[in-house]
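Engineer: with the sequence up front, the predicted model follows.
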Amino acid sequence: MNEASETVVVAGPRQRPGDRFFRYLTAAFGLVAILLAVSLAVSLWRGSQAAWLKFGPHFIVGTNWNPVKEKFGALPFIYGTLVSSLVALVVALPLGVGSAIFLSELASPTVSDVCSFLIELLAAVPSVILGLMGIFVLVPVVRAVEPFLSRRLGFLPLFRGAPYGVGLLAAGLILALMILPYITVITREVLLQVPKPMKEAMLALGATHWETVWGVSLPYARSGIAGALFLSLGRALGETMAVTMVIGNTPKISASLFDPAYSMAAVIANELAEAVGDMHLSSLVAIGLTLFGITVVINGLARLMLYRLGAAGK
Amino acid sequence: MKRIALTLAAALALDVAGVSARAVVINGAGSTFGCPLYTKWADEYHKQHPNVQINYQGIGSGGGIRQISEKTVDFGATDGPMNDQQLAKAQGKLVHIPTVLGGVVAIVNVRGVKSIRFTGPLLAGIYLGKITMWNDPAIAKANPGVALPDEPITVVHRADGSGTTYCWADYLCKVSPEWKKQVGVATSLDWPVGLGGKGSDGVSGLVKQNEGSIGYVELIYALQNKIDFAAVKNSAGRYVKASLSSVTAAAAAAKMPKDYRVSITNAPGRGAYPISTYTWLLVYQKNQTPQGRALKVFLKWMLRAGQKIAPSLAYAPLPARVRAMVARTVAGLR
């Protein structure tokens, strides 16, 4: 609404027909986006109705996925998606924010520009390429490291089990690689927006570089960093190709990161083409709707948080 | 510039010629297993019959069955036969036309083991998670003289829905009542144990990387990538390695019903490889459209020239008896 009133101010009290036409045209474009989102939800619902009617809430909490007996529960897929994305965030957040601090605060402008250009290039790598790299490079490395991890950290259930290489850990790492450029680039941009006088004042008071970053820059930039985080989470949740290539594709819930798992996007991609039974097909669409719902909820929470952070910042 | 103009003129001329000959475009979709062959057939057929163009999309058997049932394509293709319920849903009487045969082979990666042999119950036991060590006495019994290591077995299977999985599970159902009861047969399964790889590449990659693992892939994939595979004991009690001829032998030994919906896993016959399957095209018995008539001519071609092309792409051709039977069925299409 705000934007609309501003447009009127710019255009003056009397609008020419061209202006009006332009306004309606852009409004129509905006509406198309909303319509697309709504019709997507509606068509997913229609396609998955049979599954929801048959299984009800058991579809979400059920752990059995059996295409032969047509019994479907999506919990293992939801678990795999959420945990692999969480692993990705835990790995990528310190790396991304750390390198962004270096690029924005410590590196010379030339180094900073060249490096961030290269990091942006990383974001353009197609996910199937990352998946191939995952199979040929990452998975063998993970397989070699897993016995060591389970010897040292085996007291945690997270690091137990047979070292297959493929599994939640490999999926989380490949996702971390995928979202790292987003976190780094956005965080760097936000940190560069921190007003210089604030930092200079801090330094003038005798603060060290570290104290300036920790006390001024990061608090100032936190809403931007949170935004980067949720953008990345959105990408990680929906990633299909790279994940299915390294996650092991086994719909089981297990506490260990070494064990193979499955993600929502991966099972849809894998089973849709050969899904012969109607209930199987409907259940796959239901997983799509669930994934859609989860991303909407997470994005909503992110909006809310950014709003709160923004309000607190002011 | 001149050359471009010439090319354009030639293209236009070709186009006009095509239109004047009433080009027929036949659309088909389904099986990914048959996709390389069907694309090759379409290509060869178009060379010999320029007025007919066949477009084939390898969208998967499930999609093929759905699309032909709704008549959005002129023919479908599937690796597993349709069941009665699916046939009843189609908009007319659908006919299964067997085209070629495929086999599914077991590949292993066991330290110090060059070649290995399995029986059906052994494979079922491994895939049920009952046999977990390579030096299990049951495996040793089938492989006298082979030094099997004291290592756990890692089971690898297809994660994506696939006709290969269908054939594999169909075989395990026939040799193991427990598999039939607990797991069953479909293109995607609720696997008791194991890792899932995406596609034949994914499965063979996982097997290659994990010592002590076993997986299954299409015979064609193993032949084209020169991967060695295991011999399997057939119902006549002989250990047979899959090959185009042992797969065709399985088809020749099996009894063929009138509607062609037959499973030839665990087929009788001394030379038969037990994990073999037909793959089918799905066409309507009555199809009076120009596409339907052109399709009938194509199917006749498929039974003669098409069968000769199949072995060059590592597909096993139909046995002569079945070919004669299918020829009669094709002649009966209206």
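Structural biologist: Great, that's in hand. Numbering: from 1, shown residues only, chains lettered A, B, ... in the order given.

Engineer: quick one: low-confidence ranges for the chain?
Structural biologist: Assuming you mean chain A. Scanning chain A for pLDDT under 70 picks out A:1-14, A:311-314.

Engineer: wait, chain B
Structural biologist: For chain B, the stretches with pLDDT under 70 are B:1-22.

Engineer: write out the residues of the stretch 1-150 of chain B neighbouring chain A.
Structural biologist: Taking Cβ under 8 Å from any Cβ of the partner chain as the contact definition, the stretch 1-150 of chain B meets chain A at B:32, B:59-63, B:65, B:80, B:86. For every residue, glycine as well, the C-beta is placed using N, CA and C.

Engineer: could you identify the most distant pair in these?
Structural biologist: For the residues of the stretch 1-150 of chain B next to chain A, the maximum inter-member distance is 18.8 Å, found between B:Thr32 and B:Gln86 (Cβ to Cβ).

Engineer: who has more neighbours out of the two?
Structural biologist: Applying other Cβ atoms under 10 Å in any protein chain shown to B:Thr32 and B:Gln86 shows that B:Thr32 carries more neighbours, namely 23 against 17.

Engineer: what residues of stretch B:296-314 count as buried?
Structural biologist: Across stretch B:296-314, burial judged by 16 or more other Cβ atoms under 10 Å in any protein chain shown covers B:296, B:298-303, B:306-307, B:309-310, B:314.

Engineer: so which of these are in helices?
Structural biologist: Using DSSP state H, B:296, B:298-301, B:307, B:309 are the members of the buried residues of stretch B:296-314 that sit in helices.

Engineer: just put the residues you listed in CSV and tack on distance to A:Ala236.
Structural biologist: Shown next, in CSV, are these (distance: Cβ to Cβ, whole Å):
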residue, distance to A:Ala236
B:Lys296, 52
B:Phe298, 47
B:Leu299, 49
B:Lys300, 53
B:Trp301, 51
B:Gln307, 49
B:Ile309, 46
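
Engineer: out of those residues, which touch chain A?
Structural biologist: Of these, not one also sits near chain A (Cβ under 8 Å from any Cβ).

Engineer: let's verify the closest residue in space to B:Ser204 that isn't next to it in sequence: helix, strand, or coil?
Structural biologist: Using Cβ to Cβ, 6 or more residues apart in numbering or on different chains and skipping residues adjacent in sequence, the residue nearest B:Ser204 is B:Val217, 5.7 Å away. The three-state label given to B:Val217 by DSSP: H, G, I helix; E, B strand; the rest coil is strand.

Engineer: who does B:Val217 form a beta bridge with?
Structural biologist: B:Val105 (DSSP bridges).

Engineer: right, and it touches B:Val108 too?
Structural biologist: No. The pair B:Val217 / B:Val108 is not scored as a contact, 11.5 Å apart, by Cβ atoms under 8 Å.

Engineer: got the buried residues for stretch B:76-96?
Structural biologist: The neighbour-count check on stretch B:76-96 (16+ other Cβ under 10 Å) flags B:76-82, B:86-87, B:90, B:94-96 as buried.

Engineer: taking those one by one, which sit in strands?
Structural biologist: Judged by DSSP state E, these include B:76-78, B:94-96 as members of strands.

Engineer: and the residue nearest to B:Ser204, how many neighbours?
Structural biologist: 26.
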